[in-house]
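Novice: model the structure of this input:
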Amino acid sequence: MSDLGRLIKIEEQAFDAASYPLSRRNFLYHIRKKHILIVRIESRVAGYLLFFTYKKSWRIYSIAIAEEFRRKGLGRSLISHLREYAASKAGYLLLEVKADNIQALHLYTLLGFTPLKILKNYYPDGDGIKMLLEV
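Specialist: The predicted structure follows:
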C-alpha cells in the first residue's frame, strides 16, 4: 500500500488518458488480490506487472516501467518472473497488445509469446493482438 502513489505516477507516465490508465481503485484491487509484481531499484519502485489468474491460464493485464528505468530489461524481468511463478500453476500466459506497439511486440516475441488472433478495434485508437506463451 505504501507504493500506491509511485505506482499511479508510473501508470500516468506510461499511459495517456486515451489509453484508460488504471485508477487508484484498480491498483488497490490488484494489491489486495496479490495480483501485482513490483520491481525495485535501490528500494524505489521502478515498474510493475498486473495479472489475473484463471484455472489454466494467467493473463497479463498491464505492465509499465518508470521513464527513468526503461530500456534496462525490467519489463523482460517481470514477465520472466511471472512465467516462473505461473509454471507450476498454469498452462499458459495470455496478453493483449496494441497492434502498432512495435517495441512491446518485439519484446513479447523474444520472450516466446506467439500471436493468436487480431482483435479488431480492441483499443479506442486501433487493433490489438492476443498473444500466448505456454509455461
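
Novice: per-residue pLDDT of the residue lying farthest from the centre of the chain, please?
Specialist: In the chain, the residue that sits farthest from the middle, by C-alpha atoms, centre = their mean, is residue 42; the gap is 21.6 Å. Per-residue confidence (pLDDT) for residue 42: 90.

Novice: name the element the residue lying closest to residue 44 once chain neighbours are set aside belongs to?
Specialist: Using C-beta to C-beta, 6 or more residues apart in numbering and skipping residues adjacent in sequence, the residue nearest residue 44 is residue 6, 7.5 Å away. Where C-beta positions appear, they are placed from N, C-alpha and C, glycine not excepted. Element membership for residue 6, per DSSP states H and E: helix 4-14.

Novice: what does that helix rub up against?
Specialist: 21-22, 24, 27-28, 31, 38, 44-45, 47-48, 62, 64-67 (C-beta atoms under 8 Å, 6 or more residues apart in numbering).

Novice: what does stretch 92-104 give?
Specialist: Residues contacting stretch 92-104 (C-beta under 8 Å, 6+ apart): 56-60, 79, 82-83, 86, 105, 108, 113, 118-119, 122-123, 126-135.

Novice: can you name the next helix or strand after the lengthiest helix in the chain?
Specialist: Criterion DSSP state H: the longest helix present in the chain is helix 74-86. Using DSSP H and E, the helix or strand that follows helix 74-86 in sequence is strand 92-98.

Novice: next, the angle from the helix or strand containing residue 29 to helix 4-14.
Specialist: Take DSSP H and E as the rule and residue 29 turns out to sit in helix 24-33. Counting by axes from the mean of the first three to the mean of the last three C-alpha atoms, to 10 degrees, helix 24-33 lies at 120 degrees to helix 4-14.

Novice: give me the buried positions along helix 24-33.
Specialist: 26-27, 30-31 (16 or more other C-beta atoms under 10 Å).

Novice: hey, C-alpha coordinates of it in PDB?
Specialist: Taking C-alpha atoms only, helix 24-33 is exported to PDB below (Å, rounded to 0.1, in the frame of the first residue of the first chain):
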ATOM      1  CA  ARG A  24      -6.200   4.200  -7.600                       C
ATOM      2  CA  ARG A  25      -9.200   1.800  -7.100                       C
ATOM      3  CA  ASN A  26      -7.800  -0.600  -9.800                       C
ATOM      4  CA  PHE A  27      -4.400  -0.700  -8.100                       C
ATOM      5  CA  LEU A  28      -6.000  -1.300  -4.700                       C
ATOM      6  CA  TYR A  29      -7.900  -4.200  -6.100                       C
ATOM      7  CA  HIS A  30      -4.700  -5.800  -7.600                       C
ATOM      8  CA  ILE A  31      -2.700  -5.200  -4.400                       C
ATOM      9  CA  ARG A  32      -5.400  -6.800  -2.200                       C
ATOM     10  CA  LYS A  33      -5.700  -9.800  -4.500                       C
END
